[in-house]
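K.L.:
Quick one: sequence and predicted model below, then my questions.
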Amino acid sequence: MNRKVLSKDHMITVTNFSKQYKGFTAVRNLSFSVEPGQILGLLGPNGAGKTTTLRTLCGIIPPSSGSLLVAGHDVVQEPIEAKANLGYIPDDPRLFDTMTVWEHLAFTAAAYRLADFEEDAEALLASFELTHKRDTLVHNLSRGMRQKVAIACAFLHDPKVILFDEPLTGLDPQGIRGIQQAIRDRAKAGAAIIISSHLLSLFENLCTHIMVLNLGECRRFGTMEDLLSEVGNTDSTSALEEVYFSITQAPDQSSKTAAA
Amino acid sequence: MDPALRQLLILRLRGGLRQRLLQLASLRGLLFSLAFGGIIWFLIASSGASDTSLFGPAAQDRQALSEQIMTFMPLVMLGLSLLTVLMTTGPTFHFSPNEINFLFTGPFRRRDLILYKFGAYVAGVALTSVFIALIAAPQTGSALAVFIATLLTLVFVQLNSAVISMTGHALDGSRLAKIRWPVTVLLCTIAAAAVLYAWISPDRGIIDLLSDFRHSWIGSVILIPYIVFAELFVATSLSQMTHWALVAVIINAALLRAVIVLDARTTDRSIAENARLSNRWDRIKQGGSFFATQRTEVRSIRRAPILGGLGPIAWRQALNALRNSSKLFIVFVGLAACIAPMSSALGTPVTEGHTMVMIYVFVAFILPRNLICDFRGDLSRMEIYKTLPITPWRICAGQLLVQVLLAYVVASTIIVSALVFEDIVTTQVALVLAAFALPLTLLIHALENTVHLLFPTKLVAMGRADFEFLGRSIVEFIAKSLIVFAAMAASGAVGFITFKTMGPAIFLPGLASWLTLTVFGLLTLVAMKFAFRRFAVAETIE
């Protein structure tokens, strides 16, 4: 029931994407697209295929089949062009422990060939409250701080596509608020964003679209309003939580197919 | 020791044994362990053979070997002790974060915790001693005697280092601590003067000077505790052995007592040092360097060079080398500088087969295994490289650049020291060697990275008896050496053919030979690019 999605307006276009690991299918025939300004939330239990989808989109692992376009560039055929338009923030940012915060930004600027980056870098440091940590070696930073550095690096080249894998892990309440606002700002500026998380409240706060994955297949894809309207008002749990459990714990999950 | 800690010790030993057995259960683990066993068997067999003795020709003459042990073993042990004082790198009794969380908060006395760690160490060195005893038994006649001597000596080295380090910590901030560096400078000056004297004296080598010092009355006084352990190794009868073993046990018991007393005075420092050492081990497990900067903040470098994408990668590795590996690099340059004078002093010039093999092992095995400023140190960060908009070959070249340059400096230091200390190495020969060293270094390190990317593995052994790791290291080294030797042979063959066809001048054959070796290096870089593209980042299935 997947349909091929092709449009000039789509910043991310995934068509019939599958990924197999040694006989195990992590993602099966996945198709979806994300337009500029949209924030897509990837939702699903452990092993659903969320991280595999994100890592394939940003070129870390190759797809087994299907096509994945980032800003119109195929991640397999034109990886350099695709990556130049992409920012990826992994769930556990592994920074270079011998480099300072500022040097990470300088490294990113050189890698993405940004001639004048200092002003933007300063602004990012300020927005993430990292200015006083600019000369700190990153292995001395807390996990939340390292997460902020990774996000600042991902934002530096003003990517058209941003992929977040569990972006709020390790952040304090101020940090969470700051990151959420930064994501909204980027989307307003025209970036297409995908967020993978287990925090349903994050999706309710931020996402314009939701895709529910289970066992590597798309169970539901649509706007947040559509999904919530299906459930209606609930007494004790959030509407999205209701949707999530109704889809992932339904006895006949396979009967519900993706709608794109 | 507390019964609970004794129980923990037994459980951990059983766990270690179970882990080794599980390694053997897999085909790969079995093969690599067999390879390691084969090497050990070869060493045992060869040490029994007459012409490939482990300790050289002197081993054939028991009397001469005993004299060498009595003369030099105390000196080597003194040298190790001095090195410990200079390069204190953490607590000698290291508690892991898990042990600190579980045991430091448990109802145990510090004394019991020290005894627990000591017990774990003794169990480890007992295993090492078994191996040494097996290898040395054919030459010494009694495996049990070698085992006892080795065990007591290794325990002494550990306890002696602990006492020296802890004394240093206890004296921190006192007046005595201030004399550490002046004394170091004084000792270095004496050593330099001795080397200089040995160099300019035609009939007195450095070995003669060391021997004279050892047998002087002042040398005997300074080296008394170390002489006991040398006596253990050269004991010729059971009664002698028992006598010296008893003395050694008393010395070790006294040192253990000193450790317990000193530990009570240095608890805070000990915890800080434990945390630092744990961070270092974590870094090593991720492929980093042991000798990392302890500073929290440094002056940031404002910009990275772009150079089409190659710049930032090489820049990042340069920073890594500067901040993480600079001490290690200096140590390697120092060792490289010592190779020619040492081999000259020992009467085995660098042009001799044995020495050349040692130099090869140094530059192709020891150096790449320790000085790591390339992909091998970035296994946990491969995601970053995979997401960068930089072509794979530029990433590979950028990763290799700093590593090759550093290794080339070390190789050049060996050549320069050979030029200074060996008559046979003229300026022309040195220049040719320096020219060939560059593509050879590129080949060795590109090969090292290619193999690592194709078959990624941990860079450190998981415990003392990680036979799979040891076996794999040896097999990998042999495989890489075969490729390196094949490239060198091809390079030599091209040079020879050019020499035969183009006349007696050696420039063109040399150039052809050099170009061939360079092509092999560049081909390996292409293979490395392929390996990088093929490299599958740990594929979390979620």
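P.N.:
Alright, I've got the coordinates.
K.L.:
can you pull the contacts of the residue in the stretch 151-260 of chain A positioned nearest to chain B?
P.N.:
Of all residues in the stretch 151-260 of chain A, residue A:196 sits closest to chain B, at 8.3 Å by C-beta to the nearest C-beta. For glycine as for every other residue, the C-beta is placed from the backbone atoms N, C-alpha and C. Residue A:196 sits next to A:41-42, A:50-51, A:53-54, A:163-166 when contact means C-beta atoms under 8 Å, 6 or more residues apart in numbering or on different chains.
K.L.:
among the residues you listed, which are in strands?
P.N.:
Using DSSP state E, the members of the contacts of residue A:196 that fall within strands are A:41-42, A:163-165.
K.L.:
now these: which count as buried?
P.N.:
The neighbour count (16 or more other C-beta atoms under 10 Å in any protein chain shown) marks A:41-42, A:163-165 as buried among the ones in strands among the contacts of residue A:196.
K.L.:
ok, of those residues, which one's closest to residue B:242?
P.N.:
Comparing these against residue B:242 with C-beta to C-beta places residue A:165 closest, at 65.5 Å.
K.L.:
and the nearest residue to the closest one once chain neighbours are set aside, what is it in contact with?
P.N.:
Setting aside the residues directly before and after it, residue A:165 is nearest to residue A:91 in space (C-beta to C-beta, 6 or more residues apart in numbering or on different chains), at 4.4 Å. Counting by C-beta under 8 Å, 6+ apart, residue A:91 touches A:51, A:165-166, A:169.
K.L.:
Can you check which helix is longest in chain A?
P.N.:
Scanning chain A for the longest helix, with DSSP state H as the assignment, gives helix A:173-188.
K.L.:
how about low-confidence regions in the stretch 401-542 of chain B?
P.N.:
Scanning the stretch 401-542 of chain B for pLDDT under 70 picks out B:459-466, B:538-542.
K.L.:
any weak-confidence spans in the stretch 101-250 of chain A?
P.N.:
In the predicted model of the stretch 101-250 of chain A, residues A:231-237, A:250 satisfy pLDDT under 70.
K.L.:
What residues does it have near chain B?
P.N.:
A:101-103, A:106-107, A:109-113, A:118, A:134-137, A:139-140 (C-beta under 8 Å from any C-beta of the partner chain).
K.L.:
Now, of those residues, which are buried?
P.N.:
Neighbour-count burial (16+ other C-beta under 10 Å) is assigned, among those, to A:101-103, A:106-107, A:109-113, A:134, A:136-137, A:139.
K.L.:
With distance to residue A:224 and secondary structure added, can I get those residues in a markdown table?
P.N.:
As requested, these are exported to a markdown table (distance: C-beta to C-beta, whole Å; DSSP: H, G, I helix; E, B strand; the rest coil):
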| residue | distance to residue A:224 | secondary structure |
| --- | --- | --- |
| A:101 | 35 | helix |
| A:102 | 38 | helix |
| A:103 | 39 | helix |
| A:106 | 38 | helix |
| A:107 | 37 | helix |
| A:109 | 35 | helix |
| A:110 | 39 | helix |
| A:111 | 35 | helix |
| A:112 | 32 | coil |
| A:113 | 37 | coil |
| A:134 | 38 | coil |
| A:136 | 38 | strand |
| A:137 | 41 | strand |
| A:139 | 39 | helix |
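K.L.:
Can you list phi and psi of the residue of the stretch 151-260 of chain A closest to chain B for me?
P.N.:
Dihedral angles of residue A:196 (phi, psi; degrees, to the nearest 10) stand at phi -110, psi 130.
K.L.:
cool, residue A:47 as well?
P.N.:
Dihedral pair for residue A:47: phi 80, psi 10, per degrees, to the nearest 10.
K.L.:
Does it touch residue A:215 like I think?
P.N.:
Yes. Counting by C-beta atoms under 8 Å, residue A:215 is a contact partner of residue A:47 at 7.3 Å.
K.L.:
Now do stretch B:30-44: distance to the chain's middle.
P.N.:
On the basis of C-alpha atoms, centre = their mean, to the nearest Å, the separation between the geometric centre of stretch B:30-44 and that of its chain is 20 Å.
K.L.:
Can you tell me what sits against it?
P.N.:
By C-beta under 8 Å, 6+ apart, the residues outside stretch B:30-44 that reach it are B:23-24, B:54, B:131, B:134-135, B:137-138, B:467-472, B:474-475.
K.L.:
now do 10 Å
P.N.:
With contact meaning C-beta atoms under 10 Å, 6 or more residues apart in numbering or on different chains, stretch B:30-44 is reached by B:20, B:23-24, B:26, B:52, B:54, B:131, B:134-138, B:465-476, B:478.
K.L.:
how about low-confidence regions in the stretch 151-300 of chain B?
P.N.:
Scanning the stretch 151-300 of chain B with the threshold set as pLDDT under 70 gives B:172-174, B:176-177, B:198, B:202, B:205, B:264-295.
K.L.:
which residues in it form helices?
P.N.:
With DSSP state H, counting those that start in this stretch as the criterion, the stretch 151-300 of chain B has helices at B:180-200, B:206-215, B:217-222, B:224-234, B:238-265, B:267-285.
K.L.:
Fine by me, thanks again.
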